[in-house]
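Asks: let me see the structure of the following:
(one chain, ligands or ions: 1)
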Amino acid sequence: MQNIQKVVIPVAGHGTRSLPASKNVPKEMLPIYNKPVIHYVVDEAVNAGIKNVVFVTSKEKTALEDYFDHHYALEDVLERTGKKELLRTVQELADMVDVISVRQKCQLGFGHAVLCAKSVVGSEPFAVMVGDDIILGEDAGLKELIDVAQRENKPVVGVMEVDPSVVHKYGIVAGTPRPDGIIEITDMVEKPKAEEAPSNLAIIGRYVLPPEIFSYLENAKPGHGGEIQLTDALSRLAKDRGMLAVPVKGRRFDAGDLLDFLSVNMYFALQDDKMKDGMKKQLQKLLAEFE
Ligand code: G1P
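Replies: This is a model prediction of the structure:
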């Protein structure tokens with residue numbers, strides 16, 4: 001498989017799970033610890049060797065493009081006030097990736113969002129990331145998928161085992177595990193009921209796909225929730241060409257889920273040597289109060 005140069009990140013959604021916090025601020029710009037959610041997602045892409053980010057966006061989401069650009073007025077103030085460290089941090093964001101935005105003019109589903117990037121992606125294989133899923137751990141996430149896709153020249157999705165009680169929130173794969181732990185996919189179902197799920201292997205919003213997926217998406221009929229689902233198109237692609245599921249190492253947090261959102265903030269604070277002790281004390285106090 002050719003080098004993966006572009007990642008498509010659909011970000012046009014209203015972020016209803018994060019309301020009212022996301023009413024006037026894109027949910028991808030809500031801060032986790034000291035960075036917006038999207039920064040962690042783009043960091044993972046950069047770590048996988050990708051410099052071109054395609055945001056599939058809507059008119060309320062220009063803050064995402066601005067975040068990865070210069071902010072000259074701010075840089076000027078930081079320069080004049082001698083805040084060199086902060087200046088460097090802000091300037092580095094503008095050099096992190098090249099952003100291309102395409103509009104999803106009507107929201108017809110996740111698969112439709114990916115299809116909106118067709119003209120920008122062209123005829124190369126590409127990656128897709130769900131902007132809510134934060135995956136932490138050294139080289140965890142997209143890099144693992146790209147390594148396998150290039151070695152095996154097959155489309156790849158990232159999966160993690162989830163509790164059977166939550167399979168209805170995910171695309172679920174069925175397949176045959178190989179001795180190396182990779183799964184040869186035989187079927188995929190979008191958000192099945194627990195009793196109908198073929199396994200508890202959930203797609204975690206990381207994909208490496210060939211450009212052929214676009215014709216599958218163009219022919220896809222509305223699926224779960226009446227929307228054009230990427231999972232449905234992938235299921236057909238898997239049957240025609242084969243597809244692998246890579247169990248992703250690392251830790252996953254769903255930034256759109258309030259409990260996960262709060263937990264990942266704590267996780268970063270507890271990892272920060274300067275904050276760890278203070279955070280533990282605060283948590284102990286709170287726990288004692290709510291015993
Ligand atoms: C999307 C996909 C689903 C996948 C999930 C991961 O669903 O359609 O297959 O499991 O991302 O986060 P969404 O979260 O957009 O409903």
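Asks: average pLDDT for stretch 94-111?
Replies: Confidence over stretch 94-111, taken as the mean pLDDT, stands at 95.
Asks: from residue 271, how far off is the closest residue to the ligand within the stretch 51-200 of the chain?
Replies: When distances are taken as CB to the nearest ligand atom, the stretch 51-200 of the chain reaches nearest to the ligand at residue 171, 2.4 Å away. The way it works is simple: take the backbone N, C-alpha and C, and place the C-beta from them, glycine included. Distance, residue 171 to residue 271, by CB to CB, to the nearest Å: 30 Å.
Asks: between those two, who's got more neighbours?
Replies: Remark: of residue 171 and residue 271, residue 171 carries more neighbours, 26 against 12, as counted by other CB atoms under 10 Å.
Asks: just confirm that one contacts residue 204, I think it does.
Replies: No - assessed by CB atoms under 8 Å, residue 171 is found out of contact with residue 204, at 9.2 Å.
Asks: middle-most residue in the protein, spatially?
Replies: In the chain, the residue lying closest to the centroid (CA atoms, centre = their mean) is residue 130, at 3.0 Å.
Asks: which residues does the residue of the stretch 51-200 of the chain closest to the ligand bridge with?
Replies: residue 190 (DSSP bridges).
Asks: identify the residues contacting the residue nearest to the centre of the chain.
Replies: Contact analysis of residue 130 by CB atoms under 8 Å, 6 or more residues apart in numbering lists 9-10, 110, 204-206.
Asks: these in strands, which ones?
Replies: Mapping the contacts of residue 130 onto strands (DSSP state E) picks out 9-10, 204-206.
Asks: could those be laid out in a markdown table, adding neighbour count?
Replies: Shown next, in a markdown table, are the ones in strands among the contacts of residue 130 (neighbours: other CB atoms under 10 Å):
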| residue | neighbour count |
| --- | --- |
| 9 | 25 |
| 10 | 27 |
| 204 | 23 |
| 205 | 26 |
| 206 | 31 |
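Asks: turn those residues into TSV, columns for pLDDT and distance to the ligand.
Replies: Shown next, in TSV, are the ones in strands among the contacts of residue 130 (pLDDT from 0 to 100; distance: CB to the nearest ligand atom, whole Å):
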residue	pLDDT	distance to the ligand
9	98	12
10	97	8
204	95	6
205	94	4
206	97	9
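Asks: go ahead and confirm residue 203 touches residue 191.
Replies: No - the criterion here is CB under 8 Å, and residue 203 misses it with residue 191 at 10.3 Å.
Asks: neighbour-wise, which of those two wins?
Replies: residue 203 (22 against 17).
Asks: any residues in contact with both of residue 203 and residue 191?
Replies: Contacts common to residue 203 and residue 191, judged by CB under 8 Å, 6+ apart, are 170-172.
Asks: in what helix or strand does the spatially closest residue to residue 34 that is not a sequence neighbour lie?
Replies: Leaving aside its chain neighbours, residue 34 sits nearest to residue 268 (7.8 Å; criterion: CB to CB, 6 or more residues apart in numbering). Assigned by DSSP states H and E, residue 268 belongs to helix 258-271.
Asks: from the contact counts, what lies against that helix?
Replies: strand 31-32, strand 133-136, strand 251-254, helix 276-289 (3 or more CB pairs under 8 Å, 6 or more residues apart in numbering; DSSP states H and E).
Asks: now the ones in strands among the contacts of residue 130 as JSON lines including distance to residue 250?
Replies: Formatted as JSON lines, the ones in strands among the contacts of residue 130 follow (distance: CB to CB, whole Å):
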{"residue": "9", "distance to residue 250": "18"}
{"residue": "10", "distance to residue 250": "22"}
{"residue": "204", "distance to residue 250": "10"}
{"residue": "205", "distance to residue 250": "13"}
{"residue": "206", "distance to residue 250": "11"}
